[in-house]
Structure formats: structure tokens, C-alpha cells
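Visitor: with the input below, show me the fold.
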Amino acid sequence: METFLYGVMCFLIFMFGGCLGSFFNVILLRVPEKKDFVKARSQCPECEHTLTWYELVPVFSYVFQRGRCRKCMTRISARYLLMELFCGGGCLWVFMTLGFDRPIDSVQTIIGLLLFPILVALSAEDIKKTEIPYWCTGSIAVLGVIATVLSLFLPSNVLWYEHLIGALIISVPFAVFCYLGAMGGGDVQLVAAAGLLLGWAIVPSVLIAMVTGGIFGIFVKLTRKRATICFGPFLALGIAAGYLYGHRIIQEYSSMW
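Guide: Purely as a prediction, here's the structure:
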């Protein structure tokens, strides 16, 4: 019975992440065009068919409709499916790693369920437009403020002043790199916001981002003559890993000395 309930919970968490991914995708598409993303119903961009609820079920609607509009049969961009899959998978990763066993785990899980879809959204937009939306970094900063305030009242792996240290320890050097033209302003804002949330764990997060980004950059340079490399997705990956495992990495490294 417990296994069944756990499976149901995993499915619901995945669907929750998929719904957030679908919503964030709408925001990314409509905000630049100054369209309403709250009240306006979802429509097929080709025939303007208003989508029903069963055409909006994350992942499943896309699969069952074979990636096409049910009315005009126009192919739907795979971006929708990928956003829902990555956001749902990210939320499932958070739940399976942290769970809801202890109060502190529950708080971290809830924050993580909001953080990971935002990381997916900013990665998708950075890949598409080479810019990180302000609402993404702003939302992560809000999560950081919430985590900082909660650390005053609940047992936490991060003390309140460590949140503040995390916001500065990497963002200041990044700001210097940005001034020298080696990094974008969006990356600096993202690191500052994530540092406020993660505290010292922002250090292994950035190291993971630099290693993975560096490996990818070398691969691209060896296979292509010209290519724009976006650092946002690698920062997002590092932040995700740092959120779940950052303090464990720090403890393991410290125990070696």
C-alpha cells in the first residue's frame, strides 16, 4: 500500500511540474508579444482553436495527439513537450531526493518544486534568445528571501547570514567578469539570486556549471567554427545539483582534510 501511495505521489508531483512547465512556456511566449497569459485561453496558433482541458494535460495530450492540433492537424512545437518533461522530471527529482519526511525536508521540497521549473524555463529562454528573463532571476531571489526568513525559525542547513554570504561570494567576481565583457549581466543576477537561496552551496554549484560548460564549450569549438555558447543552462544545472547535494559535497570535501 505504501508503495502504491508513493507511486501515486510521484505521478502527482510529475504532473504538477508538467503544469508549471506548460504555464511558464506560455509566459515565455506571450510576454514578449505583450499578450495576456493569465485570463486568455490557450489556442492553436494556426487555426486559433480554443483548447479544451483534455488537450492541455501535460505530456499526455501531446503524445496522444501525436504532436498535432486536434482540429487542423498542424504540428505542435516539441518545445511544449520538452518543457513539460523537464519540469515534471525536475520536480520528481526533488521529491525523490528530499521527500516530506521532516518539516525541514518539506520546506526544502516545496521550494525545490518551484525552483526547478524556473531553472528549466530560464535555460530554454537562454538557449533561444541568449538572455535570462528577469522574472526568472527575480523569482529565484524571492525564494531566497523566503528561505532566509524561514532559517530564522526552522532548523536549516543554512544559517541566515550564510544566505547573504552566498549572494555575494560568487556574484561579486562574476560582476567583475561582466564588466570585462567575459560574462552576461543575466548570469550575474542568476548567481546572486541562487546564492541567496543556496548559501555556501553556490560554490559547488558554480564549479559544476564551469566544468560542464567548459567541456561542452571545448566540444563545440572542436566541431564548429562559430557558435554561441549560453552559460545559463549550465548554471541552472549546477544550481539544481547544488540545491540537492551542495552541502553534502561541501561536507565530504571538508572531511578529506
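Visitor: in what helix or strand does Leu222 lie?
Guide: helix 202-223 (DSSP states H and E).
Visitor: for the helix or strand that that helix is followed by, packing partners?
Guide: Next helix or strand after helix 202-223 toward the C-terminus (DSSP H and E): helix 232-255. Applying 3 or more Cβ pairs under 8 Å, 6 or more residues apart in numbering; DSSP states H and E, one finds that helix 232-255 contacts helix 78-98, helix 103-129, helix 185-198, helix 202-223. The way it works is simple: take the backbone N, C-alpha and C, and place the C-beta from them, glycine included.
Visitor: if we go to 7 Å?
Guide: helix 103-129, helix 185-198, helix 202-223 (3 or more Cβ pairs under 7 Å, 6 or more residues apart in numbering; DSSP states H and E).
Visitor: so what touches it?
Guide: Residues from elsewhere that reach helix 232-255 (Cβ atoms under 7 Å, 6 or more residues apart in numbering): 90, 97, 112, 115-116, 119, 122-123, 126-127, 132, 157, 186-187, 190-191, 194, 198, 200-202, 204-206, 208-209, 212-213.
Visitor: just the buried ones from those residues, in PyMOL syntax?
Guide: Restricted to buried positions by 16 or more other Cβ atoms under 10 Å, the PyMOL selection for these reads:
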select buried, resi 90+112+115+116+119+122+123+126+132+157+186+187+190+191+194+198+200+201+202+204+205+206+208+209+212+213
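Visitor: one step back: so which of the helices and strands packed on helix 232-255 is nearest Cys230?
Guide: helix 103-129 (4.5 Å; Cβ to Cβ).
Visitor: so where is the stretch 51-200 of the chain shaky, pLDDT-wise?
Guide: Applying pLDDT under 70 to the stretch 51-200 of the chain picks out residues 103-104, 182.
Visitor: same thing but at 50, please
Guide: For the stretch 51-200 of the chain, no stretch has pLDDT under 50.
Visitor: same list, the helices and strands packed on helix 232-255, but as JSON lines with distance to Arg30 please.
Guide: Putting the helices and strands packed on helix 232-255 into JSON lines (distance: least, Cβ to Cβ, whole Å) gives the following:
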{"stretch": "helix 103-129", "distance to Arg30": "13"}
{"stretch": "helix 185-198", "distance to Arg30": "20"}
{"stretch": "helix 202-223", "distance to Arg30": "29"}
